[in-house]
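K.L.:
Coordinates for the following, if possible.
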Amino acid sequence: MSLSIYDVTVPPYVRALGALGAVLEKARVHAENEKIDPGTLLGMRLYADMLPLSKQIQIAADNAKGGAARLAQVEAPKFDDNETTFAQFRERIEKTVAFLKGLSARQFEGAAERPVTLKFPQRTFEFKSGLEYLTTFATPNVYFHCTTAYDILRHAGVKIGKADFLGNG
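P.N.:
Numbers count the residues shown, from 1 in each chain. Predicted coordinates:
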């Protein structure tokens, strides 16, 4: 059995975002039980020069939908980045997962070999293949931001562990 680019993109991203959504629900309950303003948790960061939890969630979702969309050669949905509540962040994750689940394996055919170019205002990234883009940029970014969100919440006292990060499939 060989793995396709779809197999190593969509199902793992869906799982990672599902786990992130479940962790956010635990954070919401924690804030409610401990009488913590949810905005305080969403504004937390591990260090002053790092982005807050709210941005970690947005960027994790953006990297998942953007990475998959680039590989499938489709337009990713655009979100306004205006979420302020746990419910709104869960909705963002759900919309991202719905987009990912709407992609087919066929859309990823040839993605492993196609070059990928990312243009940002300050920098352009050139990847010789979709496989290189996936393994060295897209997937590491999804997991970095999911991990950072998890770490912020764990540091804030939310009772979560490794099994929560890994998700239940």
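K.L.:
which residues touch the most centrally placed residue in the chain?
P.N.:
In the chain, the residue lying closest to the centroid (CA atoms, centre = their mean) is residue 60, at 2.5 Å. Going by CB atoms under 8 Å, 6 or more residues apart in numbering, residue 60 touches 16, 17, 20, 142, 145, 146, 149. The C-beta positions use only the backbone N, C-alpha and C, and glycine is treated the same way.
K.L.:
Neighbour-wise, which one of the residues you listed leads?
P.N.:
Neighbour tally across the contacts of residue 60 (other CB atoms under 10 Å): the maximum, 30 neighbours, falls on residue 20.
K.L.:
From residue 106, how far off is that residue?
P.N.:
For residue 20, the distance to residue 106 equals 27 Å [CB to CB, to the nearest Å].
K.L.:
do the same with residue 45
P.N.:
Computed with CB to CB, the distance linking residue 45 and residue 106 is 41 Å.
K.L.:
same check, this time on residue 124
P.N.:
In terms of CB to CB, residue 124 sits 29 Å off from residue 106.
K.L.:
Repeat that for residue 132.
P.N.:
Distance of residue 132 to residue 106, computed by CB to CB: 22 Å.
K.L.:
which other residues reach the helix of greatest length in the chain?
P.N.:
Ranked by number of residues, the top helix in the chain under DSSP state H is helix 10-34. Residues outside helix 10-34 that contact it (CB under 8 Å, 6+ apart): 36-38, 40-41, 57, 60-61, 64, 67-68, 86-87, 89-90, 93-94, 96-97, 100-101, 103, 139, 142-143, 146, 149-150, 153, 156-160, 164-169.
K.L.:
Swap in 6 Å and give it another go.
P.N.:
Here helix 10-34 makes contact (CB atoms under 6 Å, 6 or more residues apart in numbering) with 38, 41, 64, 86, 89-90, 93, 96-97, 100, 103, 142, 146, 150, 153, 158, 160, 164-165, 167.
K.L.:
Sounds good, over and out.
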